[in-house]
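Participant: Give me coordinates for this.
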Amino acid sequence: LLEKMNIVVAPPDALPQRSNRKKPRRTQNNAAVEDVTTEEPQLAPRTIVAEGSAPVEEAPISLLAWPTEDAPVQYEYLDHTADIQLHTWGDTLTAAFEQMVIALMGIITELDTVQVDDTLSREVVAEGHDLASLLYNFLDECLFQFNAEFFITRRLRIVEFDQHRFFIRSLNVGERFELGRHPQG
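Facilitator: Next up is the predicted model:
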């Protein structure tokens, strides 16, 4: 997919040092907000900026309007001498990034055991200096949600993906990891 879009992704020589992980999200009146929880969660319009095209904006998305079934599996695990390698694909780069998070969560636990709690959602924001560092930082933020709050993502929507500024924002839904219910991967 990256070859078709004329994007070359090479591993970065060194990643920039990460700032404080626990950054509360700010609202318009500058009040700190930790979780996105409302009666009917609404996402901001999805904005996607692809190379050589104008930004595309969609209508706001309600979490209650999300499909009740999971997206088709578009990832696989490949053997690697030191660890595991994730291979994802999709119709768009956005879909491939979403699948990468699901694949990462599938390593942690069996996703069939994770229930979707629509009232428990997390907003994940990441930046990078190229696409590879953006993907790395995005996965790192999702992994941080698990390590800090035991939050397992079952479904997510990328609501903002700027391929020029290397910025991504998603809303992830899932539940808290419980050792007795969720087997370790």
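
Participant: for residue 115, phi and psi?
Facilitator: phi -90, psi 150 (degrees, to the nearest 10).

Participant: So it versus residue 131, what's the distance?
Facilitator: Distance of residue 115 to residue 131, given as C-beta to C-beta, to the nearest Å: 32 Å. For glycine as for every other residue, the C-beta is placed from the backbone atoms N, C-alpha and C.

Participant: Compare these two and say which one has the larger neighbour count.
Facilitator: Each of residue 115 and residue 131 has its neighbours counted (other C-beta atoms under 10 Å); residue 131 has more, 18 against 12.

Participant: For the more buried one, give its distance to residue 164.
Facilitator: Separation of residue 131 from residue 164 (C-beta to C-beta) stands at 11 Å.

Participant: What of residue 128?
Facilitator: Taken as C-beta to C-beta, the span from residue 128 to residue 164 is 12 Å.

Participant: higher neighbour count, those two?
Facilitator: Taking other C-beta under 10 Å, residue 128 and residue 164 do not tie; residue 128 has more neighbours (19 against 9).

Participant: Which residue ranges of the protein form strands?
Facilitator: Here the chain has its strands, by DSSP state E, at 25-26, 32-33, 42-43, 47-49, 56-57, 61-62, 75-79, 84-88, 117-127, 151-162, 167-176.

Participant: What's the mean pLDDT across the second one?
Facilitator: Summarised as a single mean, pLDDT over strand 32-33 is 48.

Participant: before we move on, what about the third one?
Facilitator: Model confidence over strand 42-43 averages 50 on the pLDDT scale.

Participant: Same check on the first one?
Facilitator: Rounded to a whole number, the mean pLDDT of strand 25-26 is 50.

Participant: where does this protein dip in pLDDT?
Facilitator: Within the chain, the ranges that satisfy pLDDT under 70 run 1-68, 185.

Participant: the longest helix in it is where?
Facilitator: As assigned by DSSP state H, the longest helix anywhere in the chain is helix 131-149.

Participant: Could I get the CA-only coordinates of that one as CSV?
Facilitator: Taking Å, rounded to 0.1, in the frame of the first residue of the first chain, the C-alpha atoms of helix 131-149 are listed here in CSV:
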residue,chain,number,x,y,z
LEU,A,131,5.0,8.1,8.8
ALA,A,132,7.2,5.5,10.5
SER,A,133,7.6,7.5,13.6
LEU,A,134,3.9,8.5,13.6
LEU,A,135,2.9,4.8,13.5
TYR,A,136,5.4,4.0,16.3
ASN,A,137,4.2,6.8,18.5
PHE,A,138,0.5,5.9,17.8
LEU,A,139,1.1,2.3,18.8
ASP,A,140,3.2,3.5,21.8
GLU,A,141,0.3,5.7,23.0
CYS,A,142,-2.2,2.8,22.7
LEU,A,143,0.2,0.6,24.6
PHE,A,144,0.6,3.2,27.2
GLN,A,145,-3.2,3.2,27.7
PHE,A,146,-2.9,-0.5,28.5
ASN,A,147,0.1,-0.2,30.8
ALA,A,148,-1.2,2.8,32.7
GLU,A,149,-4.9,2.1,32.9
